[in-house]
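# when you get a sec, could you give me coordinates for this:
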Amino acid sequence: MLVLLFLPVLLFSQELRVASYNMERLGQDRKDYSTVARVIADFDVVAAEEVMNSRGMAEVLSRLGVHWADFVSSRGEGSRHYQEHFGYFFDDKVELSKDLGEYARNGEFFRPPYGAQFRVKSTGFIFNLVACHIVYGKSHADRATEIRHLEEVYEYFDGLTENRGTTVIAGDFNDEEAVDFSSLTDHGDTDVIPSKGTTIGSRGPDHFYDHVFVPAALRARVEKSGVDYWTTDYAGSRRNESDHFPVFVVLDVRK
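Next up, the predicted model:
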């Protein structure tokens, strides 16, 4: 009986729930931070996009509790009058092993992607999580131009660590056209999120803008992936939390 009780704990410890969440001007707009924290608490590591300042991250963290930590990029990116940061929330199953910083060739992006390396404490499994928020622009061509550089983004961040083939690229890409991601998918990366709405429209799930790209070397570790449709109060959620749903992947993190 003791063995049967212990077995689920062992199995659970071999999985890691990794998410990406556009948090819509976190720290600037009014938020129900307690609800935001409950959404995040369903995961182990969350890449946060559209973070306006560290204050918003701190508000969420204070409601997540002592088993959580956060990290936010120090420098905002965007225009002179509008800047965003990238952030990460992570629970005590993992540790932030290395701040990889922003993509060095920042002339190619309005908001250069940002990377961090995480280590699973129980198994030693290491992976990179790169957060993206592609510019919406004045036309589809603006965002497609940035997306064409994603293969170079992958190679850049993957080259910063010794564990090659472990770089996951996730975020809000403001694009749902599969052909635009061909530079990344031809490279061997797979978008593991099903083709369905990831933004919150007035009547429910809307545009398929949020994606998670997993490299070929990690594809066999994907146990589950999807969109966290955590609410049906679409108007209230857009007003109080975000206009996006989190997207996620569950990884087998055994060594």
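
# element containing the nearest residue to R63 once chain neighbours are set aside?
Distance criterion Cβ to Cβ, 6 or more residues apart in numbering; nearest residue to R63, sequence neighbours excluded, is A37 at 3.7 Å. Glycine gets a C-beta too; all of them are placed from N, C-alpha and C. According to DSSP states H and E, A37 maps onto helix 33-40.

# can you list the buried residues in that helix?
Within helix 33-40, the residues that qualify as buried are Y33, T35, V36, A37, V39, I40, counting by 16 or more other Cβ atoms under 10 Å.

# now do the next helix or strand after it: which elements does it pack against?
Next along the chain after helix 33-40, taking DSSP H and E as the criterion, comes strand 45-51. Here strand 45-51 touches strand 15-26, strand 83-91, strand 126-133, strand 167-172, going by 3 or more Cβ pairs under 8 Å, 6 or more residues apart in numbering; DSSP states H and E.

# who touches the helix or strand just after strand 45-51?
Following strand 45-51 in sequence order, the next helix or strand is helix 54-64 (DSSP H and E). The contact list for helix 54-64 (Cβ atoms under 8 Å, 6 or more residues apart in numbering) reads 23, 26-28, 31, 33-34, 36-37, 40-41, 48, 51, 68-70, 72, 85, 87, 89, 91.

# for the helix or strand following helix 54-64, which strands pair with it and how are they oriented?
Following helix 54-64 in sequence order, the next helix or strand is strand 68-72 (DSSP H and E). Applying DSSP bridges, strand 68-72 is found paired with strand 83-91 (antiparallel).

# buried residues in the strand it pairs with?
For strand 83-91, burial by neighbour count (16+ other Cβ under 10 Å) applies to E84, H85, F86, G87, Y88, F89, F90, D91.

# chain center to that strand: distance?
9 Å (Cα atoms, centre = their mean, to the nearest Å).

# ok, stretch 205-218 next?
With Cα atoms, centre = their mean, you get 9 Å for stretch 205-218.

# could you list the buried residues of that stretch?
Per 16+ other Cβ under 10 Å, stretch 205-218 contains these buried residues: D206, H207, F208, Y209, D210, H211, V212, F213, V214, P215, L218.

# can I get the buried residues of strand 83-91 in CSV including pLDDT?
Shown next, in CSV, are the buried residues of strand 83-91 (pLDDT from 0 to 100):
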residue, pLDDT
E84, 98
H85, 98
F86, 98
G87, 98
Y88, 98
F89, 99
F90, 99
D91, 98
